[in-house]
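K.L.:
Everything below, folded, please.
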Amino acid sequence: MSTTSTTTSHPQAPTRAAVRAERERADADRADRRGANAEQGKGAGGAPGTGWRDRLGAYVALTKPRIIELLLVTTLPTMILAQDGLPSLWLVLLTLVGGTLAAASANVFNCYLDRDIDQVMNRTKRRPLATGEITPRAALVFATVLGVVSLLWFALLVNVPAAWLTFAAIAIYVVGYTMILKRRTPQNIVWGGIAGCMPVFIGWAAVTESLSWAAVALFGVIFFWTPPHYWPLSVKFKKDYANAGVPMLPVVATDRRVAVEMVAHTVAMIACSLALIPLAGMSWFYAAVAVASGGWFLWLVIAMLRRAGHPERGKLGAMKVFHGSITYLTVLFIAVAVDVFLPF
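P.N.:
Numbers count the residues shown, from 1 in each chain. The predicted structure is shown next:
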């Protein structure tokens, strides 16, 4: 599913030097912002919503809780399938807490490394590092502590294979995606999205201390799901990404090209979801849900492709696909968990 960078009439992204200059200008007044925030907190006299509560909320915001929620939705059903029943509730709790810490660490590292472009993009300019509410050093320490604690948590309380897989997930997201791929290639989210697939492997290894082809099939579902999930968001905010110099596929290719690639990834995603049936011995219930939900999501993506080829039909409806992708993944993984307990 290779991507050809097509020259279009989209706004030309600024040079990296321009982005660095913008970062330096934003860094220059960060101290002033922090001072103003501090004065505001003092003036409030400890009223609700100010002081330490604001600071705590800022640190929580750095961890991107909504992303973590989606990762956990895939972990628990995977553990149930690996156990072929309900695993120890203690093991489930340990795995989910460790996964939350690891994902939070990766997300804070991402905010730290991307603070320059977060200051440029309208969608992210209110993040705590972009506004100066939290200093880069404090964020870096926070991310490191979360990462170290998550690895020790898995190694000491779950098992070593799960700990190594957790380390790989953090490294892929922080180094592979954020530091190497994101600003260099429109395939960034494709390969960087591997990090988002790792909770499946971690959950499976937490139960079995190994992996299986069923886990690989679930990994494939999330791998091929990630581009049609994220590219619609990039379509909506492509001007932001262009201004920040980030070559997301919707920035460098036509809407039709993006939609074509989304259809291809969706078909592969559905194939992986169906491959789980023989690999894990799933029943007709899961098969029906996989076919129905996959067909519904494919219809959403094809509708976007048709609108991309005929702009006169109106807006692309990209965000409808984005929200639909979340519904699809949630429904599919609920079906994975439910299927295990069915008597047929």
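K.L.:
how far away is Leu89 from Gln83?
P.N.:
Distance of Leu89 to Gln83, given as C-beta to C-beta, to the nearest Å: 11 Å. Every residue, glycine included, has its C-beta placed from N, CA and C.
K.L.:
Please read the previous query as pertaining to Thr144.
P.N.:
Applying C-beta to C-beta, one obtains 33 Å for the distance of Thr144 from Gln83.
K.L.:
Look at these two and report which has more neighbours.
P.N.:
Gln83 (17 against 14; other C-beta atoms under 10 Å).
K.L.:
Could you tell me the per-residue confidence at that one?
P.N.:
Here the pLDDT value assigned to Gln83 is 97.
K.L.:
now swap in Val260 and tell me
P.N.:
97.
K.L.:
Then Met304?
P.N.:
According to the prediction, Met304 has pLDDT 95.
K.L.:
Could you double-check that it lies in contact with Met319?
P.N.:
No - counting by C-beta atoms under 8 Å, Met304 stays clear of Met319, with 10.3 Å between them.
K.L.:
who touches both of those two?
P.N.:
The contact sets of Met304 and Met319 overlap at Pro232 (C-beta atoms under 8 Å, 6 or more residues apart in numbering).
K.L.:
and the residue lying closest to Met179 once chain neighbours are set aside, how many residues sit next to it?
P.N.:
Closest residue to Met179 apart from its sequence neighbours, by C-beta to C-beta, 6 or more residues apart in numbering: Leu113 at 6.2 Å. When neighbours are defined as other C-beta under 10 Å, Leu113 has 21 of them.
K.L.:
So Leu156, which state does it fall into?
P.N.:
Recorded secondary structure, Leu156: helix (DSSP: H, G, I helix; E, B strand; the rest coil).
K.L.:
after the helix or strand bottoming out on mean pLDDT in the chain, next one along is what?
P.N.:
Ranking every helix and strand in the chain by mean pLDDT, DSSP states H and E puts helix 30-43 at the bottom, with a mean of 44. Once helix 30-43 ends, the next helix or strand along the chain (criterion: DSSP states H and E) is helix 52-62.
K.L.:
Packing partners of that next one?
P.N.:
If you count contacts as 3 or more C-beta pairs under 8 Å, 6 or more residues apart in numbering; DSSP states H and E, helix 52-62 packs onto helix 89-113, helix 128-131, helix 136-153.
K.L.:
rerun at 6 Å
P.N.:
In terms of contacts (3 or more C-beta pairs under 6 Å, 6 or more residues apart in numbering; DSSP states H and E), helix 52-62 is packed against helix 128-131.
K.L.:
Contacts for the helix it packs on, please.
P.N.:
Helix 128-131 is contacted from outside by 58, 61-62, 111, 115, 118-119, 134, 139, using C-beta atoms under 6 Å, 6 or more residues apart in numbering.
K.L.:
pLDDT weak spots in the stretch 101-250 of the chain?
P.N.:
Within the stretch 101-250 of the chain, not a single segment meets pLDDT under 70.
K.L.:
can you give me the helices in it?
P.N.:
Along the stretch 101-250 of the chain, counting by DSSP state H, counting those that start in this stretch, helices occupy 115-120, 128-131, 136-153, 160-171, 188-192, 194-208, 213-236, 238-244, 249-252.
K.L.:
check contacts around the residue lying closest to Leu218 once chain neighbours are set aside.
P.N.:
Spatial nearest neighbour of Leu218, chain neighbours left out: Val200 (4.6 Å); criterion: C-beta to C-beta, 6+ apart. Applying C-beta under 6 Å, 6+ apart to Val200 gives the contacts 74, 78, 215, 218-219.
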